[in-house]
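> Sequence first, predicted coordinates after that:
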Amino acid sequence: MDKLTILGLLIALVGIMTGQLIEGSNFGILFQAAAFLIVLGGTLGAVMVQSPRKVFFTAMQMARWAFVTPKSNGQELIVLLTEWSALARREGVLALEARLEGVSDPFVRKGVQLLVDGHNAEEIREVMEIDTQTWEQLRWQGARVWEAAAGYSPTVGIIGAVMGLMHVMQNLSEPSKLGAGIAVAFVATIYGVAFANLLFLPVANKLKSIIQHQTHMRDMVVDGLCGVAKGENPRVIEYRLQGYLD
């Protein structure tokens, strides 16, 4: 669980609610189901129109990364790659085939399989880099879906506000209700701007940061496997890979 994301959202919400309370307004006016549905539904529909199906569903699946960061222990990977290097130098790369069953990461597993199959370092790097580029491109497109939502959300909020004002104009014969009606109408604008700047845009930027880190770890794995394929000294591989973390 990414505690910083949760804490940030709580601080933002508490700040807004406290400001509302200091100004003497009640909390109830900020909770409008119609405005919520207009902004959320309109934004969702807009990004669905914009995005290819695969990219859209990837973006929805990636959303959890903002709250539960994918596990990626670089230090454990370095230890594992160093051990494999020592084993390959001592018994040959075919000895790594017995270790395949214990590898859960499909990317790492593919690299080890290429190594066991006798491919040289250049061939392994070429295959693995293409895999990384494809993986990274799809995830970047997914992050941009959330970025696009941050662009659509305020505009949809304005649409909700205009719709609310249209409803107010239909009730001009009852002046006592105009003030409250106008206030409710502008809640949609608040939702649009709040969703964009407190949720969609921060999530997009956090996803980009995670993608960069995951790509960096993949580069480290490729570097380590290529070192094993070249028969490099395990200590040299360890020192070089440590630089990815430092």
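Looks like it arrived, so ask away.
> out of everything not next to it in sequence, what's closest to Ala229?
Using Cβ to Cβ, 6 or more residues apart in numbering and skipping the chain neighbours, the partner closest in space to Ala229 is Ala121 (4.1 Å). From N, CA and C alone the C-beta is placed, and that goes for glycine too.
> you'd agree the one you found is up against Asp223?
No - counting by Cβ atoms under 8 Å, Ala121 does not reach Asp223; the two are 9.8 Å apart.
> Can you tell me the centre-most residue of this structure?
Leu207 (2.6 Å; Cα atoms, centre = their mean).
> Give me the mean pLDDT for the longest helix that the chain contains.
Across the chain, the helix with the greatest residue count (assigned by DSSP state H) is helix 121-169. Helix 121-169 carries an average pLDDT of 93.
> likewise stretch 239-246?
90.
> List the buried residues in it.
Neighbour-count burial for stretch 239-246 flags Leu241, Tyr244 (criterion: 16 or more other Cβ atoms under 10 Å).
> ok now it, how far from the chain's centre?
25 Å (Cα atoms, centre = their mean, to the nearest Å).
> ok, and the helix or strand in the protein with the lowest average confidence?
Here the helix or strand of the chain ranked lowest by mean pLDDT, DSSP states H and E is helix 178-194, holding a mean of 81.
> From the chain's centroid, how far away is that helix?
Chain-centre distance of helix 178-194: 30 Å, with Cα atoms, centre = their mean.
> Ok, stretch 128-140 next?
Distance, stretch centre to chain centre, for stretch 128-140: 15 Å (Cα atoms, centre = their mean).
> confidence score at the residue of the chain most remote from its centre?
Farthest-out residue of the chain from its mean C-alpha position, per Cα atoms, centre = their mean: Ser173, at 49.8 Å. Ser173 is assigned 72 on the pLDDT scale.
> what's the domain layout of this structure?
What automatic domain parsing lists as the domains of the chain is 1-31, 32-246.
> one step back: quickly find the element holding the residue nearest to the centre of the chain.
Following DSSP states H and E, one finds Leu207 within helix 201-230.
> any idea how far Ile182 lies from Leu30?
Separation of Ile182 from Leu30 (Cβ to Cβ, to the nearest Å) stands at 15 Å.
> If you count surrounding residues, which of these two has more?
Taking other Cβ atoms under 10 Å, Ile182 and Leu30 do not tie; Leu30 has more neighbours (17 against 13).
> ok, the more buried one - contacts?
Contacts for Leu30 (Cβ atoms under 8 Å, 6 or more residues apart in numbering) come out as Met17, Gln20, Val187, Ile190.
> between those residues, which is closest to Gly157?
Ile190 (7.2 Å; Cβ to Cβ).
> didn't the closest one look like it was pressed against Pro154?
No - using Cβ under 8 Å, Ile190 is not in contact with Pro154; the gap is 10.0 Å.
> quick one, what contacts the residue nearest to the centre of the chain?
By Cβ under 8 Å, 6+ apart, Leu207 lies in contact with Met62, Trp65, Ala66, Arg139, Gly142, Ala143, Trp146.
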